[in-house]
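Undergrad: Have a look; sequence and predicted model below, questions after that.
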Amino acid sequence: MTHITLFTFTITLIPLLCVCYDQKPQYHITPDDGHWLNDPNGPMYYNGYYHLFFQYNPHAPVWGDMSWAHVVSTDMVYWQRLNVALYNDQWYDIGGVFSGSAAINNSSPYLLYTCVDSNGVELQCAASRDASSTTYDTTLEDWVKDVKNPVINSVPSGWDIYNFRDPALFTTNQEEQWNMLTAASDNGDGIIALHTTSAQDFPYGWTYKNPVWRSSDPASTHQSFMVECPDFFPVDSDVYEVNTDQVYIMKYSVMETTQDFYEVGRYVSDSDTSADVFTRDLTTPADLQLDYGPHRAFYASKSFYDAGSNTRFLWGWSMEQDDQGESRGWQGVQSLPRTVSYDPDMQSLRLRPYSKLSSLRSATVYSSLSPPISGDIPATGLQVEVQAEFTISAACNVFDLEGAEMGMQVRRSSDGQYFTSYGFALGVSESAEIMVFTSMDSSVSGGSTPPEKLYTPVPTIAFQNISDNGDIVLSMQLFLDHSITEMFAQDGALAATLRIYPEESYNGMGTYVFGGNYSGNADCFVGATAITVYEMGTIWQ
């Protein structure tokens, strides 16, 4: 409320409340109205509850005063907001309670986070559950910062004290040793560093051991002065051992591109130096991404292993892509929980939407298994899941398919001028083999949507030998939740997130097929063969 005095008159200006469409997702985790959200932190399961923390501004819908917000769930589908778990209220974290991890040591949960002081110095701090809290053994709503903070209060010579962050934790030696990985900058070289302590001394007694990964290593696929938010794990397991045949994933967030990349390799101990390091398998693809959306659409991801289901789950932060976030009164979305598994044939990860999200389906809006399905479909929605299959018949001549595209349009305007497209594009290799690309196009989405047009190659192994009759069948699962979309192609072979901000009235859907040179072949079919659209409910309890 602003007061303006003119001579002897006082005029009180009352801010107008915006009744505009706020684009806020309803089945994704978002901040309360009036607040900001970024990195997911500390996912864990404890005594019947799944916990997720995240970076949060408790005072405004812009970045600042970084704290840890807290949500809980009994099924990782429906969530409840709790009070802020950690505020930036101590001398060592007045500059921010930055990203970190949860750990359960000797049956007690802890939070390890990067604490930033008033000078911007980044160190590592700890918090434990409040023993006097009524939620001490349930929802863990009250936390106490450690009296010995910071628990890591210095860095090795040559490190940038202003770039030392984002602890990731795991145990070795039959849970007798705790290992902490942090992102750091060593004389201008981005590294992921290893500190260790015993389970008996945890959360104290950390000793620096060595860099586990270096950006400057010729085997590394990204050179950077500083990466962020490391994540390191064995595939399909939570047992960490060096010098085995177990496949490991080293994930890091690249600041220059605001995208998450990962490498596939092994965890080995150097016999000469006793250094435990990650070594990339050079036979695996380079430039692997957790998500193939545009810059800033999926970043700073965090995973945890759920022993009860033997499954690793992953969340990522999706930033706002336009300049209207502050005026809408909220900013930031967590992705849907994704399951993580390794496909040895693709030599890369499959990222699938958590199967229990199907419980959010409140109605079947449209369903057709009778091809061909073309043009507009009688379905509308801003909060839906779409499952679609597209077929390229075996009768098609490969060379006639060059340039063909097919897919779905959502957030379509009634006049058909505005829409966002998700689908597949076809090409032909020099060896006369068909190539498939996922496509995402927001160039005519309308509203304040930044135009994007992205094509990503689908691994050949992900679409070969799918049908018995030689047809190529391409599948897509698309989650549309107002201003965020998440597409999963070919059973999670590729995942891609996109932010869009069309007008509220743009809620139509349809299919499209164009390009190629196969129209003269009556036996060649290219297009949609199955589509189901579900209306989705809210996750909030």
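TA: Yep, that arrived.

Undergrad: element containing the residue nearest to residue 146 when sequence neighbours are not counted?
TA: In space, and not counting its chain neighbours, residue 146 is closest to residue 126: 4.4 Å by C-beta to C-beta, 6 or more residues apart in numbering. Where C-beta positions appear, they are placed from N, C-alpha and C, glycine not excepted. Here residue 126 is covered by strand 122-129, with elements defined by DSSP states H and E.

Undergrad: What lies in contact with that strand?
TA: 85-86, 92-93, 98, 100, 108-117, 136, 140, 142-146, 148-154, 161-165, 167, 180, 182, 203, 206 (C-beta atoms under 8 Å, 6 or more residues apart in numbering).

Undergrad: Let's see the PyMOL selection covering just the buried ones among those residues.
TA: Buried residues within these, by 16 or more other C-beta atoms under 10 Å, are selected in PyMOL with:
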select buried, resi 85+86+92+93+98+100+109+110+111+112+113+114+115+116+117+140+142+143+145+146+149+150+151+152+163+164+165+167+180+182+203+206
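
Undergrad: List phi and psi for the residue nearest to residue 493 when sequence neighbours are not counted.
TA: Closest residue in space to residue 493, ignoring its immediate chain neighbours: residue 462 at 3.8 Å, by C-beta to C-beta, 6+ apart. Backbone torsions of residue 462, given as degrees, to the nearest 10, read phi -80, psi -10.

Undergrad: give me every residue that touches residue 462.
TA: Contacts of residue 462 by C-beta under 8 Å, 6+ apart are 346, 490-491, 493-494.

Undergrad: buried subset of the residues you listed?
TA: Buried among the contacts of residue 462 (16+ other C-beta under 10 Å): 346, 490, 493-494.

Undergrad: So which of those belong to strands?
TA: residue 494 (DSSP state E).

Undergrad: Make sure residue 471 is actually in contact with residue 389.
TA: No - Residue 471 lies out of contact with residue 389 (C-beta atoms under 8 Å); the separation is 10.6 Å.

Undergrad: Find residues that contact each of those two.
TA: Joint contacts of residue 471 and residue 389 (C-beta under 8 Å, 6+ apart) do not exist.

Undergrad: which stretches of the stretch 401-541 of the chain form strands?
TA: For the stretch 401-541 of the chain, the strands defined by DSSP state E, counting those that start in this stretch occupy 405-412, 420-428, 434-441, 453-457, 472-481, 484-489, 494-499, 508-514, 526-536.

Undergrad: for the stretch 351-500 of the chain, which spans come out with low pLDDT?
TA: 465-467 (pLDDT under 70).

Undergrad: give me that answer again for 90
TA: The model of the stretch 351-500 of the chain has pLDDT under 90 over residues 370-372, 460-470.

Undergrad: try the chain
TA: 1-20, 218-223, 236, 270-274, 286-287, 370-372, 460-470, 541.

Undergrad: The residue most central in space within it: what secondary structure?
TA: Compute the mean C-alpha point of the chain, and by C-alpha atoms, centre = their mean the closest residue is residue 316, 2.2 Å away. Classification of residue 316 using DSSP: H, G, I helix; E, B strand; the rest coil returns strand.

Undergrad: check contacts around residue 477.
TA: Counting by C-beta under 8 Å, 6+ apart, residue 477 has contacts 353, 385-388, 487-488.

Undergrad: just to revisit the earlier point, check which element follows the strand holding residue 126 along the chain.
TA: Heading C-terminal from strand 122-129 (DSSP H and E), you reach strand 143-145.

Undergrad: Could I get the full set of helices for the protein?
TA: Here the chain has its helices, by DSSP state H, at 325-328.

Undergrad: Longest strand of it, counting residues only.
TA: strand 159-172.

Undergrad: picking that back up, output the strand holding residue 126 as CSV, nothing but the C-alphas.
TA: C-alpha atoms of strand 122-129 as CSV (Å, rounded to 0.1, in the frame of the first residue of the first chain):
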residue,chain,number,x,y,z
GLU,A,122,30.3,-21.5,1.1
LEU,A,123,30.8,-24.3,3.7
GLN,A,124,28.8,-27.4,4.8
CYS,A,125,26.4,-27.5,7.7
ALA,A,126,24.1,-30.1,9.4
ALA,A,127,20.7,-30.2,11.1
SER,A,128,18.9,-33.0,12.9
ARG,A,129,15.3,-33.6,14.0
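
Undergrad: and residue 218, how many neighbours?
TA: 8 (other C-beta atoms under 10 Å).

Undergrad: typo on my end, residue 523
TA: 9.

Undergrad: Residue 263 and residue 284, how far apart?
TA: Relative to residue 284, residue 263 is positioned 8 Å away (criterion: C-beta to C-beta, to the nearest Å).

Undergrad: Give the full set of residues in contact with residue 141.
TA: Residue 141 sits in contact with 70, 82-83, 85, 133, 135, where contact means C-beta under 8 Å, 6+ apart.

Undergrad: Tell me the buried residues within the residues you listed.
TA: 70, 82, 85.

Undergrad: List the beta-bridge partners for the closest residue to residue 378 other than its chain neighbours.
TA: Nearest residue to residue 378, sequence neighbours excluded (C-beta to C-beta, 6+ apart): residue 366, at 6.2 Å. Beta-bridge pairing for residue 366 (DSSP bridges): residue 533.

Undergrad: My read is that residue 366 contacts residue 532, right?
TA: Yes - using C-beta under 8 Å, residue 366 is in contact with residue 532, at 7.0 Å.

Undergrad: State the number of residues packed around the residue nearest to residue 59 when sequence neighbours are not counted.
TA: Excluding the flanking residues, the one nearest residue 59 by C-beta to C-beta, 6+ apart is residue 65, at 5.5 Å. For residue 65, the neighbour count with other C-beta under 10 Å is 18.

Undergrad: shift numbering so it begins at 15
TA: Understood, numbering begins at 15; the last thing we discussed is residue 79.

Undergrad: List the contacts of residue 79.
TA: So residue 79 contacts 71-73, 102, 110 (C-beta under 8 Å, 6+ apart).

Undergrad: Please, a ChimeraX command that selects the buried ones among the residues you listed?
TA: A single ChimeraX command selects the buried members of those (16+ other C-beta under 10 Å):
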select :71,72,102,110
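
Undergrad: which one of the contacts of residue 79 sits closest to residue 466?
TA: Residue 466 has its nearest neighbour among the contacts of residue 79 in residue 71, at 26.8 Å by C-beta to C-beta.

Undergrad: beta partners for that closest one?
TA: residue 50.

Undergrad: Residue 50 versus that one, what's the distance?
TA: Counting by C-beta to C-beta, the gap from residue 71 to residue 50 is 4 Å.

Undergrad: Find residues that contact each of those two.
TA: What both residue 71 and residue 50 touch, as defined by C-beta under 8 Å, 6+ apart, is the set 77-78.

Undergrad: so residue 335 makes contact with residue 459?
TA: No - using C-beta under 8 Å as the test, residue 335 is too far from residue 459 to be in contact (10.6 Å).

Undergrad: more crowded one of those two?
TA: residue 459 (26 against 23).

Undergrad: can you pull the contacts of that one?
TA: 425, 432-434, 465, 514-516, 520.
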